[in-house]
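Sequence plus the predicted model coming up.
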Amino acid sequence: MKKYLFLSVLILASLVLLAGCGNLGSISSAARGRNNIMAADWEPTTFEIVNNIDGVTMAVKEGTASATGLTVTLKNTSSSEYIYGEYFWLEKKIGEKWYQVPVTFDGDYAFDDIGYILAPESSSEWAVDWEWLYGSLDTGQYRIVKDVLVSKDSGKYDTYYLAAEFVIQ
């Protein structure tokens with residue numbers, strides 16, 4: 001009888017351990033996030049279209065990308081004026097898809113409400129430190145996404161999204 005009880009407990013323990021090694025869906029277990037956030041909980045990108053402004057680009061300045069921040073260069077070769085602010089999103093590429101990096105900040109947060117002008121035929125550098133919002137990034141392929149506005153004749157604005165990819169080693 002003790003033999004069967006021991007065997008039953010051993011089988012049950014094995015099943016529990018095997019269940020813990022289960023699949024996270026389409027996201028690999030290597031994609032687990034910081035602070036015990038599971039990558040399966042990461043939201044897919046909401047940005048279907050990026051970098052679709054003729055004459056306006058954003059690129060990570062060489063040598064500036066770190067686990068806690070970077071500098072981007074925005075370049076405008078068009079004849080239109082654009083406006084951008086402090087707001088940004090970080091996304092990580094997992095497999096072939098982009099996912100939003102989870103915010104690690106507890107509570108409500110906000111960005112300074114400021115508009116920087118990207119004049120026609122000009123360029124600008126913008127430095128960002130995201131450690132306060134996202135913490136320190138793990139190794140992987142990431143992109144930073146910013147919204148850029150262009151004024152219309154009606155006084156309203158069209159919104160476009162620029163993305164620049166970078167790698168954290």
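In hand now; what should we look at? Residues are numbered from 1 along each chain as shown.

Where does pLDDT dip in this structure?
1-40 (pLDDT under 70).

Okay, strands next: where are they in it?
56-60, 69-76, 82-84, 89-94, 97-100, 116-118, 122-129, 140-151, 157-168 (DSSP state E).

between the second one and strand 140-151, what angle do the directions make?
Angle of strand 69-76 versus strand 140-151, following axes from the mean of the first three to the mean of the last three CA atoms, to 10 degrees, is 40 degrees.

Residues in contact with strand 69-76: which ones?
55-61, 64, 82, 84, 118-131, 144, 146, 148, 162, 164, 166 (CB atoms under 8 Å, 6 or more residues apart in numbering). Using the backbone N, CA and C atoms, a C-beta is placed for each residue, glycine as well.

Only the buried subset of these, as a ChimeraX command please.
In ChimeraX, this line selects whichever of the contacts of strand 69-76 come out buried by 16 or more other CB atoms under 10 Å:
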select :56,58,60,82,84,118,124,126,128,130,144,146,148,162,164,166
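
Can you name the residues bridging to the closest residue to residue 118 other than its chain neighbours?
Excluding the flanking residues, the one nearest residue 118 by CB to CB, 6 or more residues apart in numbering is residue 82, at 4.3 Å. On the basis of DSSP bridges, residue 82 is bridged to residue 118, residue 150.

Next, the contact list for residue 82, please.
53, 56, 76, 117-118, 148-150.

If we use 10 Å, what do you get?
Residue 82 sits next to 53, 55-56, 74, 76, 115-120, 122, 124, 148-151, 157-158, 160, 162 when contact means CB atoms under 10 Å, 6 or more residues apart in numbering.
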